[in-house]
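Enquirer: Okay, structure incoming, though there's no sequence with it:
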């Protein structure tokens, strides 16, 4: 894994946030969890999304087992490792992996 270039992590975070907004605008949900507010869920999904893209592109720190399962297209592993938010957000992450081009 190589480090993010200057400002790259922020640009990736902005792109993930934009994709979340687009996803929500289509009427999809980004996970359930009474213990977390909607803003906290969005922040959680944003962090995981950045980790997924970084892992896919070999940037920053390698993601955990859930992130690696998403990147490896391991459906069983992803569901088995997902927390209460991510189990309902796998569709978003898969869309992110396949539709987001590399960000400098």
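Expert: Thanks, I have it. Predicted model only: the values in this text are computed from it and were never measured.

Enquirer: Tell me which residues touch the most centrally placed residue in the chain, please.
Expert: With distances taken as C-alpha atoms, centre = their mean, the residue of the chain nearest its centroid is residue 49 (1.7 Å). Contact analysis of residue 49 by C-beta atoms under 8 Å, 6 or more residues apart in numbering lists 16, 19-20, 92-93, 96. Glycine gets a C-beta too; all of them are placed from N, C-alpha and C.

Enquirer: got these as JSON lines, with neighbour count columns?
Expert: Formatted as JSON lines, the contacts of residue 49 follow (neighbours: other C-beta atoms under 10 Å):
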{"residue": "16", "neighbour count": "24"}
{"residue": "19", "neighbour count": "19"}
{"residue": "20", "neighbour count": "20"}
{"residue": "92", "neighbour count": "23"}
{"residue": "93", "neighbour count": "24"}
{"residue": "96", "neighbour count": "23"}
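
Enquirer: Of those, which is the nearest to residue 78?
Expert: Closest approach between these and residue 78, by C-beta to C-beta: residue 93, at 7.9 Å.

Enquirer: give the contact list for that closest one.
Expert: 48-49, 52, 70, 78, 86.

Enquirer: let's go with 10 Å and repeat that
Expert: 16, 45, 48-49, 51-53, 66-67, 69-71, 78, 82, 86 (C-beta atoms under 10 Å, 6 or more residues apart in numbering).

Enquirer: what does residue 22 give?
Expert: Counting by C-beta under 10 Å, 6+ apart, residue 22 has contacts 28, 92, 95, 99.
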